[in-house]
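Novice: Sequence plus the predicted model coming up.
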Amino acid sequence: MKILPLFTSLYLCCAVSAFAAPLYIFSGQGVTVVVLEADKDETHVSGEIRFGGGIHPFTATVRETEDAGTVDGHFTVDGVAKRFRATLDEDEETASLSMEGKSYQLAAVDAVPEMKPRKEEPAQDPPGESLQAALRLKRVNFPDVSMGGVAAYSMLVPESWNSQGKIEWPPVDDPYPQASIQVKGPGREKITILPAQHFSYLESANMPPQGNPSPQDIGQWLVATIRRTNPAVSAVELLSNKRHPEAEANARKNLNPGIENTIHTLTISYREEGVAMMEEIHLSYARYPPVGTQHVRSLNWSVFIVLCAAAPADDFDRVKSQVYAYANTLAPLPRWWNQMTQVRQQIINLRGQRIAEEIRRRGEFYNDMSDRQHAAFMQRMRSDDEVQRRRIQGIREVQDYQDSDGSRVELPFHYKHVFSDGKGNYHLSNTYQKPGESFQEIQAAE
């Protein structure tokens, strides 16, 4: 069945040339719909709607049903976007056009009917007016809270939508600020952008596995995580998991060797406050090369959720292109971007200096450990048990610290400063930054 798609784009197309040969013409009750262009599958079309002496361009998207086709889109009147819906009947010869509760019956014709000239007095409105009289957009800003609240990103959204979000730098020496943004519409439309999530998994012959192993199926893992961590939703199901091989190939050109990266679009369904919802989640899943020795191996992986677009399930196909159009207006502000890139380079430079210093410090530690082992051996195994313990500590990359309550505790030796509150809680850092008044710095035990 051929269906003329009449609409759904955020942007408004320019008027199509009057000399283009029409693909379809429907007319009736003073309204004529002329379809001038269609894509290969006839799922998106454009053309013009004629009424009241005026010619108005439109764009549209079509959805097929069992016995008809439903078309949703926008047309423009004096620069204002207006919405309407059309339903093509099963015989493909008639259609109904609905605008703000009024219905117009149209029939297929072979030629565009002659249009009556526009009446100047009184001014004549288009029939039925529009489902949405005007699309008014507002610009919302999202601050960089780590830089003191300066505006970092902006987005254009409808005036009736609510937004919240921020840009924040990670607490460690990570030179990449992360966005946490959510924008909601009155019809439960939702745009969500989340910060990157990083995980690690440790395998060792001397201890049980620790951390989070990388999942084989990132879609099922994400659904299980939502079920476990978000009590506001229920009945969460994975509907589809689409890979993007071409995007993956392009991404590999900029990745370090050994990184496995896959790019996915997940479609999930769930219920939120009794409403059936559908959501598309665009993410990148990265697994890094193992790091370690023959005794210890660390496996790190990350999930980068780039964009989530959600809406009620029964309206998702109709509104999702609008939701994506708003999301695509998210952009960094130039002044913040300039400052951010300078800060990022400073962090990278400082991190390089700290890495060099850590390599030197670790070398001194291992040399000192070898000297102690040799001295213990020369003393005929007098402290063999202690040497063996320190050797195992070296393999595990830990050492003893004298806690504030007088006891000893094993902690990683990679950090310059170690703080304890005397209650079994510790804060390790390469910068002198006390996490609270109850914490005191402790030293490595002799």
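Specialist: Arrived safely, thanks for sending.
Novice: residues near Ser284, how many?
Specialist: 19 (other CB atoms under 10 Å). (Glycine included, C-beta is placed from N, CA and C.)
Novice: Could you find the closest non-adjacent residue to it?
Specialist: Spatial nearest neighbour of Ser284, excluding adjacent residues (CB to CB, 6 or more residues apart in numbering): Phe304 at 4.3 Å.
Novice: mind listing what the one you found touches?
Specialist: By CB atoms under 8 Å, 6 or more residues apart in numbering, the contact list for Phe304 reads Ala196, Gln197, Leu283, Ser284, Tyr285, Ala286.
Novice: Do you have the strands of the stretch 151-300 of the chain handy? List them.
Specialist: Secondary structure of the stretch 151-300 of the chain (DSSP state E, counting those that start in this stretch): strands at 162-168, 178-184, 190-193, 197-204, 207-211, 233-243, 260-272, 275-287, 291-292, 296-312.
Novice: Let me see the residues that make contact with the first one.
Specialist: When you say that, I think you mean strand 162-168. 140, 142-146, 152-153, 155, 157, 177-184, 193, 195.
Novice: circling back to that earlier point, could you turn the buried ones of the contacts of Phe304 into a PyMOL selection?
Specialist: In PyMOL, this line selects whichever of the contacts of Phe304 come out buried by 16 or more other CB atoms under 10 Å:
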select buried, resi 196+283+284+285+286
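Novice: so can I have JSON lines of the contacts of Phe304 showing distance to Ser420 and pLDDT?
Specialist: Converted to JSON lines, these look like this (distance: CB to CB, whole Å; pLDDT from 0 to 100):
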{"residue": "Ala196", "distance to Ser420": "30", "pLDDT": "91"}
{"residue": "Gln197", "distance to Ser420": "29", "pLDDT": "91"}
{"residue": "Leu283", "distance to Ser420": "38", "pLDDT": "95"}
{"residue": "Ser284", "distance to Ser420": "38", "pLDDT": "95"}
{"residue": "Tyr285", "distance to Ser420": "37", "pLDDT": "96"}
{"residue": "Ala286", "distance to Ser420": "35", "pLDDT": "95"}
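Novice: re the thing from before, check the gap between the residue nearest to Ser284 and Gln178 for me.
Specialist: Phe304 sits 10 Å away from Gln178, going by CB to CB, to the nearest Å.
Novice: okay, and the common contacts of these two?
Specialist: By CB under 8 Å, 6+ apart, the residues touching both Phe304 and Gln178 are Ala196.
Novice: Which residue comes closest to Gly51 once chain neighbours are left out?
Specialist: Quick fix: residue 51 is Phe, not Gly. Val31 (4.6 Å).
Novice: swap in Ile55?
Specialist: Glu48 (5.1 Å).
Novice: one step back: same list (the strands of the stretch 151-300 of the chain) but as TSV, adding distance to Ala107.
Specialist: Formatted as TSV, the strands of the stretch 151-300 of the chain follow (distance: least, CB to CB, whole Å):
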stretch	distance to Ala107
strand 162-168	44
strand 178-184	42
strand 190-193	40
strand 197-204	56
strand 207-211	67
strand 233-243	39
strand 260-272	38
strand 275-287	35
strand 291-292	71
strand 296-312	33
